[in-house]
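In: Got a predicted structure here, sequence first:
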Amino acid sequence: MATDRAESGAGESGSGPRREVFLISDGTGETALAAVQAAATQFQDDFRIRTFGDIRHESQVRRILERARETGALVVFTLVHEPLARVLQDLAKSLGVATVDLLGPLIRVMATTFHMTPQHRPGVLHAFGDDYFQRIEAVEFAVRHDDGANLHTLFEADLVLTGVSRTSKTPLSMYLAQRGFKTGNVPLVPGMDPPRELREVAPQKVFGLVVDAATLLGIRRARLRQLGAPPYRTYADADQVSQELRQARRLFRQSGWKTVDITGKAVEENASRILELYQDRAGA
């Protein structure tokens, strides 16, 4: 059954014509959504993104394209079934709807380059194969090992993140787990030595997170405001924050852990950097 999931930009209520992008997929549409969201960051204007998933029939394609014509939407699609993809392109041309085929050209070039025949099976990416269960296991591990919990099994992690408070350890752990990496995270607490279990993890698995002191100070003060606590406690004192970061950097150097500066970067960017460092060290 087709799903129609709307996702809107932050400034949709602003002036000017609405810019819509329709995503058509024979799976969940997550691949197309990620690509369109990445492209949209290059523009100052906002886009309204609508996802139509599990599309398998010409009648479904026709209804969506007719709606796209009415709204002037751009259609981005990830249909691995070639006959249906051709139907979509032909119908779109006849209706005057602009389209982008995200997967078709890439699949064809890969098939030609490596002399292989693609399966053209819809929904393969999200099938319940080994990769799926690996991701589930990784997410469960990340939940159990969040914020220093269950240190006695931390050694089982593929990756371990550590850093002072409010350095995005939990969001990064969960994102990496979604990528299939069992990830734990351990906070560094002022005045306390790092847990023994953290020091016993293989150094190539551990990554120390740091952030610009002014940025961290702002994050902590905002957190205190959310909690209704006084904004200038030691936790959000400028000198204390700078000292914590200096001590963290010193610990990372002494322990042989790679340092990742997360300042001004999205979770996806920081995760990519961690995986790049991890794979470089694993291949060394």
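Out: Everything's here; your move.

In: if I pick T99, what's in contact with it?
Out: Going by C-beta atoms under 8 Å, 6 or more residues apart in numbering, T99 touches L74, V75, V76, F77, L88, Q89, A92. Every residue, glycine included, has its C-beta placed from N, CA and C.

In: How about Q37?
Out: Taking C-beta under 8 Å, 6+ apart as the test, what Q37 contacts is I49.

In: Let me see the confidence value for it.
Out: If you check Q37, the pLDDT there is 88.

In: mind listing the helices for the stretch 1-150 of the chain?
Out: Assigned by DSSP state H, counting those that start in this stretch, the helices in the stretch 1-150 of the chain fall at 30-40, 58-71, 82-95, 104-114, 130-144.

In: what packs against the very next helix or strand once past the last one?
Out: Beyond helix 130-144 in the direction of the C-terminus, DSSP states H and E gives the next helix or strand as strand 159-163. Secondary-structure packing of strand 159-163 (3 or more C-beta pairs under 8 Å, 6 or more residues apart in numbering; DSSP states H and E): helix 169-178, strand 183-187, strand 206-210, helix 267-283.

In: Only the buried residues of the longest one, if you could.
Out: Just to be clear, that refers to helix 267-283. Neighbour counts over helix 267-283 (16 or more other C-beta atoms under 10 Å) mark N270, A271, R273, I274, Y278 as buried.

In: nearest to I107, of those?
Out: A271 (25.9 Å; C-beta to C-beta).

In: Nearest spatial neighbour of the closest one, chain-adjacent residues omitted?
Out: Closest residue to A271 in three dimensions, ignoring its sequence neighbours and counting by C-beta to C-beta, 6 or more residues apart in numbering: Y175, at 5.0 Å.

In: One more: M174?
Out: Per C-beta to C-beta, 6+ apart, closest to M174 is A142, 5.6 Å.

In: correct me, but R48 touches F22?
Out: No - between R48 and F22 there is no contact under C-beta atoms under 8 Å: 9.6 Å.

In: More neighbours: these two, which one.
Out: Set R48 next to F22 and count neighbours by other C-beta atoms under 10 Å: F22 wins out with 24 against 16.
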